[in-house]
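> sequence and predicted model, in that order:
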Amino acid sequence: NAGVTQTPKFRILKIGQSMTLQCTQDMNHNYMYWYRQDPGMGLKLIYYSVGAGITDKGEVPNGYNVSRSTTEDFPLRLELAAPSQTSVYFCASGRQGGTQYFGPGTRLLVL
Amino acid sequence: AQSVTQLGSHVSVSEGALVLLRCNYSSSVPPYLFWYVQYPNQGLQLLLKYTSAATLVKGINGFEAEFKKSETSFHLTKPSAHMSDAAEYFCAVSYSAYSGGGADGLTFGKGTHLIIQP
């Protein structure tokens, strides 16, 4: 199993550009999550999904959108990139019961 | 709202010494508690978790943590530090116990950077 994979690993965006961060898991997990990690701040939940077709906002959803058309994929969309979205983004997946498995992360720099 | 506090953004210990990383949580209901480790430029890896079974939880790489309800704490310990333990450690909490845990994500502390002195 590859586990949770994320692409790209690193990206530089200009202010106002848009992009999609890809996340795929091959563990047949129902639950998937997007977090952002800022220096000294831990991880904060952006969006989560409990199954295909179901998504919900986390603590910091503004400026982001998600979709969950399949069990495996959970892409995160940035429509109008802003410098405040410079961060490291982690996707995670899991089953009911709490353990989450994290991807390697995507580093995003917005200039 | 749930919260997690990790005391000390940086902790430095000598190789072979005891490692103690502190975590306190706020809760009015039984929580699920986790410790994750993050090595440089990598994702997070689960060290151990508490899910209302035994209060002393053993994890990978010789780490363990004890759930103390009276102190609302879940401190992480390791008897003897190794150079390979140098990393960022995160304590996290989930209050979805009644729905099985984890459905609505984890709340993380700010992390503790563990430095191992040779």
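Noted; the coordinates are in hand.

> if I look at the most centrally placed residue in chain B, how far off is residue B:2?
The residue lying closest to the centre of chain B (C-alpha atoms, centre = their mean) is residue B:35, at 3.0 Å. Counting by C-beta to C-beta, to the nearest Å, the gap between residue B:35 and residue B:2 amounts to 16 Å. In this view, the C-beta of every residue, glycine as well, is placed from N, C-alpha and C.

> close to chain B: what parts of chain A are there?
Residues of chain A lying near chain B by C-beta under 8 Å from any C-beta of the partner chain: A:4, A:31, A:33, A:35, A:40-45, A:48, A:50, A:56, A:58-59, A:90, A:92, A:94-105.

> spit out the contact partners of the nearest residue to residue B:62 once chain neighbours are set aside.
With C-beta to C-beta, 6 or more residues apart in numbering or on different chains as the criterion, residue B:62 has its nearest non-adjacent residue at 5.2 Å, and that residue is residue B:78. Residue B:78 makes contacts with B:18, B:19, B:61, B:62, B:63, B:64, B:85, as judged by C-beta atoms under 8 Å, 6 or more residues apart in numbering or on different chains.

> nearest to chain A, of those?
residue B:63 (15.6 Å; C-beta to the nearest C-beta).

> is the lowest-mean-pLDDT helix or strand in chain B anywhere near chain A?
Ranked by mean pLDDT, DSSP states H and E, the weakest helix or strand in chain B is strand B:107-108, scoring a mean of 89. Yes. Applying C-beta under 8 Å from any C-beta, one finds strand B:107-108 in contact with chain A at B:107, B:108.

> by contact count, what packs against that strand?
Packing contacts for strand B:107-108, counted by 3 or more C-beta pairs under 8 Å, 6 or more residues apart in numbering or on different chains; DSSP states H and E, involve strand A:43-51, strand B:3-7, strand B:87-94.

> what's opposite the nearest residue to residue A:30 once chain neighbours are set aside in the beta bridge?
Using C-beta to C-beta, 6+ apart and skipping residues adjacent in sequence, the residue nearest residue A:30 is residue A:51, 4.9 Å away. On the basis of DSSP bridges, residue A:51 is bridged to residue A:54.

> what about residue A:51, how many neighbours?
12 (other C-beta atoms under 10 Å in any protein chain shown).

> for residue B:52, see how far away it is.
Counting by C-beta to C-beta - residue A:51 and residue B:52 are separated by 25 Å.

> sorry, back to before: which two from the contacts of residue B:78 end up farthest apart in space?
Spanning the widest gap among those are B:18 and B:61, at 14.7 Å by C-beta to C-beta.

> and the strands in chain A?
A:4-7, A:10-13, A:19-25, A:31-37, A:43-51, A:54-57, A:64-66, A:76-78, A:87-94, A:100-102, A:106-110 (DSSP state E).

> so which residue is smack in the middle of chain A?
With distances taken as C-alpha atoms, centre = their mean, residue A:34 lies nearest the centre of chain A, 3.2 Å away.

> name the nearest residue to that one, sequence neighbours excluded.
residue A:46 (4.4 Å).
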